[in-house]
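Okay, predicted coordinates and the sequence, questions at the end:
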Amino acid sequence: MTYGSETWSLNMGLVRRFRVTQRAMERAMIGISLRDQIRNEEIRRRTRVTDIAQRVAKLKWQWAGHIARRTDGR
């Protein structure tokens, strides 16, 4: 889901869509539906998956460090 996200310009709408998709995937992983009305915090506690926004931010910083260390003049 985060492939290539290092170069995307993120806005709040895109982050919101990421989070919604991640929650849908997590619900599918543990086999619950929206009708069960289980809070997002409980789902996150059960799956122990990191938040997608934090993951994308970390990837962006790693990519920035990679580019900053380049010495070939590109």
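Arrived safely.

In terms of secondary structure, what does the top helix by length along the chain contact?
Of all the segments of type helix in the chain, defined by DSSP state H, the longest one is helix 12-30. Applying 3 or more CB pairs under 8 Å, 6 or more residues apart in numbering; DSSP states H and E, one finds that helix 12-30 makes contact with helix 40-47, helix 52-68. Where you see a C-beta, it was placed from the backbone N, CA and C, and this is true even at glycine.

taking the mean pLDDT, what do you get for the longest one?
The average pLDDT for helix 52-68 rounds to 90.

do the shortest one as well
What helix 40-47 shows for mean pLDDT is 90.

angle of it against helix 12-30?
In terms of direction (axes from the mean of the first three to the mean of the last three CA atoms, to 10 degrees), helix 40-47 departs from helix 12-30 by 50 degrees.

hmm, back to that, for the longest helix of the chain, what is the average pLDDT?
Computed over helix 12-30, the mean pLDDT rounds to 92.
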